[in-house]
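Student: A predicted structure for the sequence below; I have some questions about it.
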Amino acid sequence: MNLALVAPLVVLAIGVNLTFGFARDIYFGLVSRRWPRTHGHIRDLDAYTPARRLGSVAGVEYDYQVAGVEYQSNRYDYTGRDSFAKDIFETFSVGDQVAVWYDPGRPQRAVLVTGVRAGNFGRLLFGACWLYGGWFWLMQVR
């Protein structure tokens, strides 16, 4: 393999991964609007400040039942990978009863907030830029 192809192929692979991952979030965000709803309870709230991030992000864990089977999840929504701690801590407390939307075909997949936001499409565009950049670079090297 020509070593000049390695870097563009890496950028292309990153673009493919980002684009499909962000497209997946948009898909599940959209279909989550039609998922059935059940009730759940907040088990744990946690806040932390990752490197290179302004403000804290929060993790939320909750449990819920579907057809008598107990499930646990930590996905807040499909709008991004992290949620700002302020938003979650102002909305929830440990022990609160919450509405949980779950995938009827795979009940262990659930969210507390359905839908997509503008940020979903921004992230998809970001991934597509990596994809296009890798493809363009690869075509230049070939």
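Tutor: Nice, thanks for sending it over. Numbers count the residues shown, from 1 in each chain.
Student: what is the neighbour count of residue 134?
Tutor: 20 (other C-beta atoms under 10 Å). C-beta: built from backbone N, CA, C; applies to glycine.
Student: what is whichever strand or helix holds it packed up against?
Tutor: Secondary structure assignment for residue 134, by DSSP states H and E: helix 118-141. Helix 118-141 is packed against helix 6-31, with contacts defined by 3 or more C-beta pairs under 8 Å, 6 or more residues apart in numbering; DSSP states H and E.
Student: how far away from the center of its chain is the helix it packs on?
Tutor: Averaging C-alpha positions (C-alpha atoms, centre = their mean, to the nearest Å) puts helix 6-31 12 Å from its chain's average.
Student: coming back round to it: chain center to the helix holding residue 134: distance?
Tutor: Chain-centre distance of helix 118-141: 19 Å, with C-alpha atoms, centre = their mean.
Student: give the rounded mean pLDDT of stretch 119-134.
Tutor: For stretch 119-134, mean pLDDT is 91.
Student: hmm, back to that, buried stuff in the helix holding residue 134?
Tutor: Residues of helix 118-141 classed as buried by neighbour count (16 or more other C-beta atoms under 10 Å): 120, 123, 124, 127, 130, 131, 134, 137, 138.
Student: for the residues you listed, which one is nearest residue 18?
Tutor: Comparing those against residue 18 with C-beta to C-beta places residue 127 closest, at 3.2 Å.
Student: now the buried residues of helix 118-141 in JSON lines, with distance to residue 22?
Tutor: Formatted as JSON lines, the buried residues of helix 118-141 follow (distance: C-beta to C-beta, whole Å):
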{"residue": "120", "distance to residue 22": "7"}
{"residue": "123", "distance to residue 22": "4"}
{"residue": "124", "distance to residue 22": "4"}
{"residue": "127", "distance to residue 22": "5"}
{"residue": "130", "distance to residue 22": "11"}
{"residue": "131", "distance to residue 22": "11"}
{"residue": "134", "distance to residue 22": "16"}
{"residue": "137", "distance to residue 22": "21"}
{"residue": "138", "distance to residue 22": "21"}
